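In: A predicted structure for the sequence below; I have some questions about it.
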Amino acid sequence: RAEPGKRTRENRFVIHKHIIGKKGRVRGNDHDGLRGKACCESRNFYTCRSGFLGITFASFADLGQQDRRVRHEESGAYADSFKLPFHVIQYTIQFSGIKAFIPAPGPRDYRFWKDFGDNYKKRTYNYPCMQLSADVLAQFNHLERSGALETLDDLRKENRSLERIITDATLLVSYTDVEAMLGFFISQLLDYFIPRFLVFVIQPPRGKHIRQFCYRNLKKADDTLDETYYEILRTHFKASPGSISLANLQKALPPDTLGADFLQFEPEIIFPMFGIGGMYGTVILGSKIVDQKYTEQERKYVDRMIRFLSVSMQNGLHYESSITDPKTGLYTHDYYMHRLEEALAHNRRHGTRSGILMLDVDHFKRFNDTWGHVTGDEVLLALSRVLVKTVRTEDCAARFGGEEFSILVTECTPEKLMQVAERIRTAIESLRIPCGESQLSVTVSIGARMVDGLPGISPMILIGDADKALYRSKGSGRNRSTLYVQGLLERAFILRNSR
């Protein structure tokens, strides 16, 4: 609000004499901009007590639109349009020591000039408080010396970083597979830096085995970290959550806690991974290839992305646990049947062929009776590891029930399917399971069945045919593979029933 009759050097705005009128008097009717009578002489100053200057000036500018009739008392003329168009920067308002530039009025917008008989084009603007070029330069130099411009630049970088994090996090949470999440996370790091070493140490929600994903120069590696260090880091982060540098970690831990096998990876920053149930993993980030320290912006980006990754990965791990067998880590029977239905539909649509394998451990009941069920579980676990290493990533290995296993081999021919079956059989035959001073071994019998797109074929028919081939392998002496061949009469019977 404007308080009339006061001159001040602070918090003031200038109203030019050609707007108000030379030695004139402007009368307003209790408006937000002017209250009561405002006695104005040439270049009179008004104290502005409003917290927001824009409201005060806009209210004053809208006097004419609010049907506020302004009368010049010497001439008796009225100005019923008092609007300020924004097209030429001409006025300066000083408010709280900061100058804001306000557009000057255009000549066609003021019937006020016509009422007073003034020629707007002949007027000059030579305000004592308005030396625009010098003031702008002075203000710029002041901001530069105070560091405000540098702070503004940092805020802009921070804003761009936050916008990118939001975009990356939106894409990250769309993944359901843990490997895909890590692949996306690593691809985003390439835009910032390349660490010498990177490892994700994860404790799954089900099972005691720690999962590790190690990378060297952002390429997958076979390195592993001693699991005792995970317990050390877990104890530390429970007391002090938040990322920590290696130097500060060594100060917080007792001397020689981190051995040479840990320091050989050249870790620089360690991040915890927290989920719903607390900490369930850690990320160890090695030094950069360019031998430079991580900037604050890089560290913030990694820290924030790991927070999103922690939540997404925990969801992915819980999803994995719902479709995997807790004892062997292979897929469950239900998930396998779902994948088999998808493969059958894909073959019908695109005319491709797949195959399934049914495996059964030979004389497994006798093995359990001789060596015990605990040793039998060790055999099943070792056998499942062989299956995971033998089949492709796009294939599906599942525990079908008890000592029976089944594998879906996508995009294959009968010859390729039998090659996979023999590769699995020979790998299991050469497997040795330690039991005290003894080395135990087992064999498997395998039945194979091709999956094509013929009508009338269902997943249950495929499983039944593979079981027939499995029984033929057992009846032929075990430890062998047999391919089920569908006869002509059987195919005709299936085709007739499908109509």
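Out: Received it, and whenever you're ready, just let me know what you need.
In: CA atoms for contacts and neighbours, from now on please.
Out: Will do.
In: I'd like the average pLDDT over the longest helix along the chain.
Out: Using DSSP state H to define each element, the chain has its longest helix at helix 296-323. Averaged over helix 296-323, pLDDT sits at 91.
In: can you give me the offset of it from its chain's centre?
Out: 8 Å (CA atoms, centre = their mean, to the nearest Å).
In: List the buried residues in stretch 349-361.
Out: Going by neighbour count (16 or more other CA atoms under 10 Å), the buried part of stretch 349-361 is Thr352, Arg353, Ser354, Gly355, Ile356, Leu357, Met358, Leu359, Asp360, Val361.
In: and the helix or strand hosting Ala180, what other elements does it pack with?
Out: Here Ala180 sits within helix 178-189, counting by DSSP states H and E. Using 3 or more CA pairs under 8 Å, 6 or more residues apart in numbering; DSSP states H and E as the contact criterion, the elements in contact with helix 178-189 are helix 148-172, helix 296-323.
In: any low-confidence regions in the protein?
Out: Applying pLDDT under 70 to the chain picks out residues 1-134, 207-208, 487-499.
In: Go ahead and flag the most central residue of it.
Out: Closest residue to the average C-alpha location of the chain: Ala169 at 1.7 Å, with CA atoms, centre = their mean.
In: from memory that residue sits against Arg304, does it?
Out: No: when contacts are counted by CA atoms under 8 Å, Ala169 is not listed as touching Arg304 (9.2 Å).
In: Show me what the longest helix of the chain is packed up against.
Out: Packing partners of helix 296-323 (3+ CA pairs under 8 Å, 6+ apart): helix 148-172, helix 178-189, strand 267-275.
In: make it 7 Å
Out: Judged by 3 or more CA pairs under 7 Å, 6 or more residues apart in numbering; DSSP states H and E, the packing partners of helix 296-323 are strand 267-275.
In: Give me the helices and strands touching the strand it packs on, please.
Out: Packing partners of strand 267-275 (3+ CA pairs under 7 Å, 6+ apart): strand 244-245, helix 246-252, strand 278-286, helix 296-323.
In: winner for burial among the ones you listed?
Out: Ranked by mean neighbour count, the helices and strands packed on strand 267-275 are led by strand 278-286 with a mean of 20 (mean count of other CA atoms under 10 Å).
In: packing partners for it?
Out: Here strand 278-286 touches strand 197-202, strand 267-275, going by 3+ CA pairs under 7 Å, 6+ apart.
In: C-terminal to the shortest one, what's the next element?
Out: It refers to strand 197-202. strand 211-216.
In: Sheet-wise, list the partners of that following strand with their directions.
Out: strand 197-202 (antiparallel), strand 219-221 (antiparallel) (DSSP bridges).
In: Next, the angle helix 296-323 makes with the longest one.
Out: For strand 197-202 against helix 296-323, the angle by axes from the mean of the first three to the mean of the last three CA atoms, to 10 degrees is 40 degrees.
In: So what touches strand 197-202?
Out: Residues from elsewhere that reach strand 197-202, judged by CA atoms under 7 Å, 6 or more residues apart in numbering: 210-217, 265, 280-286.
In: Identify the farthest-apart pair in the residues you listed.
Out: The span of the contacts of strand 197-202, defined through CA to CA, is set by Asn217 and Tyr280 at 24.8 Å.
In: sorry, back to before: using JSON lines, lay out the strands paired with strand 211-216 together with distance to Leu483 and mean neighbour count.
Out: As requested, those are arranged in JSON lines below (distance: least, CA to CA, whole Å; neighbours: other CA atoms under 10 Å):
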{"stretch": "strand 197-202", "distance to Leu483": "40", "mean neighbour count": "23"}
{"stretch": "strand 219-221", "distance to Leu483": "37", "mean neighbour count": "13"}
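In: Figure out which of those strands is closest to Gly453.
Out: That would be strand 219-221 among the strands paired with strand 211-216, by CA to CA, at 37.3 Å.
In: Show the subsequent helix or strand relative to the closest one.
Out: Following strand 219-221 toward the C-terminus (DSSP H and E): helix 227-239.
In: Buried residues in that following helix, which are they?
Out: Of all the residues in helix 227-239, those buried under the rule 16+ other CA under 10 Å are Tyr230, Leu233, Arg234, His236, Phe237.
In: From the residues you listed, pick the one nearest Pro326.
Out: Looking across those and measuring by CA to CA, the closest to Pro326 is Tyr230, at 22.3 Å.
In: For the closest one, give its distance to Ile428.
Out: 32 Å (CA to CA, to the nearest Å).
In: Same question for Thr295.
Out: Counting by CA to CA - Thr295 and Ile428 are separated by 51 Å.
In: Looking at the two, which has the bigger crowd around it?
Out: Just comparing Thr295 and Ile428: by other CA atoms under 10 Å the higher neighbour count belongs to Ile428, 22 against 9.
In: ok, Ile461 - contacts?
Out: With contact set as CA under 7 Å, 6+ apart, Ile461 has no partners.
In: mind checking which helix or strand it is in?
Out: Judged by DSSP H and E, Ile461 forms part of helix 459-475.
In: Export only the CA atoms of that helix, formatted as PDB.
Out: Extracted in PDB, the C-alpha atoms of helix 459-475 (Å, rounded to 0.1, in the frame of the first residue of the first chain):
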ATOM      1  CA  PRO A 459       0.800 -78.500 -22.100                       C
ATOM      2  CA  MET A 460      -0.500 -81.600 -20.300                       C
ATOM      3  CA  ILE A 461      -0.200 -83.700 -23.400                       C
ATOM      4  CA  LEU A 462       3.400 -82.500 -23.900                       C
ATOM      5  CA  ILE A 463       4.300 -83.400 -20.300                       C
ATOM      6  CA  GLY A 464       2.700 -86.800 -20.700                       C
ATOM      7  CA  ASP A 465       4.600 -87.600 -23.800                       C
ATOM      8  CA  ALA A 466       7.900 -86.500 -22.200                       C
ATOM      9  CA  ASP A 467       7.200 -88.800 -19.300                       C
ATOM     10  CA  LYS A 468       6.700 -91.700 -21.700                       C
ATOM     11  CA  ALA A 469      10.100 -91.000 -23.200                       C
ATOM     12  CA  LEU A 470      11.600 -90.800 -19.700                       C
ATOM     13  CA  TYR A 471      10.200 -94.200 -18.700                       C
ATOM     14  CA  ARG A 472      11.700 -95.600 -21.900                       C
ATOM     15  CA  SER A 473      15.100 -94.300 -20.800                       C
ATOM     16  CA  LYS A 474      14.700 -95.900 -17.400                       C
ATOM     17  CA  GLY A 475      13.500 -99.200 -19.000                       C
END
